[in-house]
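Peer 1: Sharing a model prediction with you, sequence too.
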Amino acid sequence: MSPAPQGVSLRGVEKRFGNVTAVAAVDLDVRPGELMVLVGPSGCGKSTLLRLIAGLEEASAGEVWIGGRHVDDVAPGDRDVAMVFQSYALYPHMTVARNLGFGLRVRGAGRDEITARVGEVATVLGLTELLSRRPGQLSGGQRQRVALGRAMVRDPGVFLFDEPLSNLDAGLRLRTRDEIAALHQRLGTTMVFVTHDQVEALSLGQRVAVMDRGRLQQVGTPHEIYRIPANLFVAGFVGSPPINRLRLARDRDERGGRLRAARDAGASGHGGQGRLAGGPFRFAGKWPFDEATLGVRPEDLAVAVPGASRADFEATIVRVEALGSEQRLHLDGPADAAWVARAPPAMRVTSGDAVGVSVAWERTHLFGPDGGRLGAAPSPIRPLRAS
Ligand code: ATP
């Protein structure tokens, strides 16, 4: 029933609105049959990028290719793509069946063909019972499915989704997300899905493209994006609670193994980590950078009672968030750094407790002054007092 899936390639694509550059120098390949998620904060240009693929915007520079065809001069209706929007845009006076068949009807398809195709799509999406209702008689989730069905009826080579779940409540959002993933598995069609929600992006995407300020920051599998973030922006955008950051500078008085925490957290924004007062740290070996930011995911900090095992630093628990499946421990660490650690739900801790904190160093990240990832911390960094 479906045609061969089409790949999408963007080459040096740029979009300017007056003096606003919404999309800059984007090179991206979506493979045939792939589910690619574009994610980034509000205003980063992800909807514009999707609209450039759909042909709803014209690129200021660069090229858009779909299925090996250069489509910059091809009208949206002839690009073999179908777009599903955040607002369902269903015709309120038409039944579900007529809404589903509308696209085929305007293309001049015959009645039997329309009925057959609408029936097929309704079966796939579980809409058969609802075909004679009008949109006003449907729940939000059902309306979203009809909007999806309307795109499917045309058998496009590429589906484009612009935040299709953002009007749904939390439970329905999860279910619809699962439905889209299942549908992708069944149809094997290329899908490009835009969201600002990093959890949605990682859970849905086979690969994820992270954008910030019009530029692609990283394209990779959810695992790569989370475990090997290309830069501080990606590290801070993905993950909840956010990655812990400690900005480190080479101690002016010393060569090699001494560092100090820089006075401000610097690369703030997503981390929300505040106060760093600048205490000295010890580093085993020659410290290779003048300045770097250490990033540690909350699950890569292990908290234990002091003295239980060799800890990297000592800290005081300032707040415990008991979330049922885990606890989040807010810590006041050396150099007045605020850290968040994940702990098992049964661990008995309370605010005010002094604890030892161990770091999984091989899973840490060092970022250079420009924010780019340098690698894992080459060896433990400990506050000088603890040695
Ligand atoms: P959101 O998640 O809020 O929808 P987004 O990442 O999808 O954001 P875009 O809608 O692509 O972002 O917008 C990117 C930038 O381009 C923003 O600064 C926006 O204000 C600007 N922009 C988008 N469309 C237009 C337009 N038609 N005219 C002028 N500026 C625009």
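Peer 2: Sure, I can see it.
Peer 1: From here on, just use CA atoms for contacts and neighbour counts.
Peer 2: Noted.
Peer 1: For this structure, what lies in contact range of the ligand?
Peer 2: Counting by C-alpha under 6 Å from any ligand atom, the residues of the chain close to the ligand are 17, 22, 41-48, 196.
Peer 1: The same query, at a cut-off of 8 Å, please.
Peer 2: Residues of the chain lying close to the ligand by C-alpha under 8 Å from any ligand atom are 16-18, 20-23, 39-49, 194-196, 211, 213-214.
Peer 1: among these, which are in strands?
Peer 2: 16-17, 20-23, 39, 194-195, 211 (DSSP state E).
Peer 1: which one of the residues you listed is nearest A170?
Peer 2: For those, the closest approach to A170 (C-alpha to C-alpha) belongs to T195, at 14.6 Å.
Peer 1: my guess is the closest one contacts A201, does it?
Peer 2: Yes: using C-alpha atoms under 8 Å, T195 is in contact with A201, at 6.7 Å.
Peer 1: Now for those two: what residues contact both?
Peer 2: 37-39 (C-alpha atoms under 8 Å, 6 or more residues apart in numbering).
Peer 1: Restricted to buried residues, select those residues in ChimeraX.
Peer 2: For the buried members of those, the matching ChimeraX selection, counting by 16 or more other C-alpha atoms under 10 Å, is:
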select :37,38,39
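Peer 1: what ranges do the strands span in the stretch 151-300 of the chain?
Peer 2: With DSSP state E, counting those that start in this stretch as the criterion, the stretch 151-300 of the chain has strands at 158-162, 190-195, 207-212, 215-220, 244-250, 258-261, 280-283, 291-296.
Peer 1: Which of these sits closest to D332?
Peer 2: Using C-alpha to C-alpha, the nearest of these to D332 is strand 244-250, at 12.1 Å.
Peer 1: Sheet partners, orientation included, of the closest one?
Peer 2: strand 258-261 (antiparallel), strand 291-296 (antiparallel) (DSSP bridges).
Peer 1: can you list those in a markdown table and add mean neighbour count?
Peer 2: Listed next are the strands paired with strand 244-250 as a markdown table, based on neighbours: other C-alpha atoms under 10 Å:
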| stretch | mean neighbour count |
| --- | --- |
| strand 258-261 | 25 |
| strand 291-296 | 24 |
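Peer 1: Which residue is the nearest non-sequential neighbour of the residue positioned nearest the centre of the chain?
Peer 2: Central residue of the chain (C-alpha atoms, centre = their mean): Q198, 3.2 Å from the mean position. Once flanking residues are discounted, Q198 sits nearest to V238: 5.8 Å by C-alpha to C-alpha, 6 or more residues apart in numbering.
Peer 1: List the residues that contact that neighbour.
Peer 2: So V238 contacts 198-199, 225-226 (C-alpha under 8 Å, 6+ apart).
Peer 1: In the stretch 251-387 of the chain, where is pLDDT below threshold?
Peer 2: 252-258, 261-280, 284-286, 307, 335-336, 384-387 (pLDDT under 70).
Peer 1: What helices and strands are in contact with the helix or strand hosting A82?
Peer 2: Assigned by DSSP states H and E, A82 belongs to strand 81-84. Using 3 or more C-alpha pairs under 8 Å, 6 or more residues apart in numbering; DSSP states H and E as the contact test, the elements touching strand 81-84 are helix 46-54, helix 140-153, strand 158-162.
Peer 1: Hmm, the residue nearest to the centre of the chain is touching L38, no?
Peer 2: No: in this structure, Q198 is not within contact of L38 by C-alpha under 8 Å, at 9.6 Å.
Peer 1: Look up the pLDDT of the residue in the stretch 101-250 of the chain that the ligand sits nearest to for me, please.
Peer 2: Nearest to the ligand in the stretch 101-250 of the chain, going by C-alpha to the nearest ligand atom, is H196, at a distance of 5.7 Å. pLDDT recorded at H196 is 93.
Peer 1: which residues touch it?
Peer 2: So H196 contacts 39-42, 163 (C-alpha under 8 Å, 6+ apart).
Peer 1: Apply 10 Å and report the result again.
Peer 2: For H196, the contacting residues are 37-44, 46, 163, 166, 210-211, by C-alpha atoms under 10 Å, 6 or more residues apart in numbering.
Peer 1: TSV for the residues you listed, including pLDDT?
Peer 2: Formatted as TSV, these follow (pLDDT from 0 to 100):
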residue	pLDDT
V37	98
L38	98
V39	98
G40	97
P41	95
S42	93
G43	93
C44	96
K46	96
E163	84
S166	76
V210	98
M211	98
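Peer 1: Turn the buried ones among the residues you listed into a named ChimeraX selection, would you?
Peer 2: In ChimeraX, this line selects whichever of the contacts of H196 come out buried by 16+ other C-alpha under 10 Å:
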select :37,38,39,40,41,44,46,163,210,211
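Peer 1: So which of the contacts of H196 is the closest to R175?
Peer 2: S166 (12.7 Å).
Peer 1: what lines up beside the strand holding A82 in the sheet?
Peer 2: strand 158-162 (parallel).
Peer 1: Give the buried residues for the partner strand.
Peer 2: Buried residues in strand 158-162 (16+ other C-alpha under 10 Å): 158-162.
Peer 1: relative to strand 190-195, how tilted is that strand?
Peer 2: On the basis of axes from the mean of the first three to the mean of the last three C-alpha atoms, to 10 degrees, strand 158-162 is oriented at 10 degrees to strand 190-195.
Peer 1: so where's the stretch 51-200 of the chain uncertain?
Peer 2: Short version for the stretch 51-200 of the chain, where the test is pLDDT under 70: 86-88.
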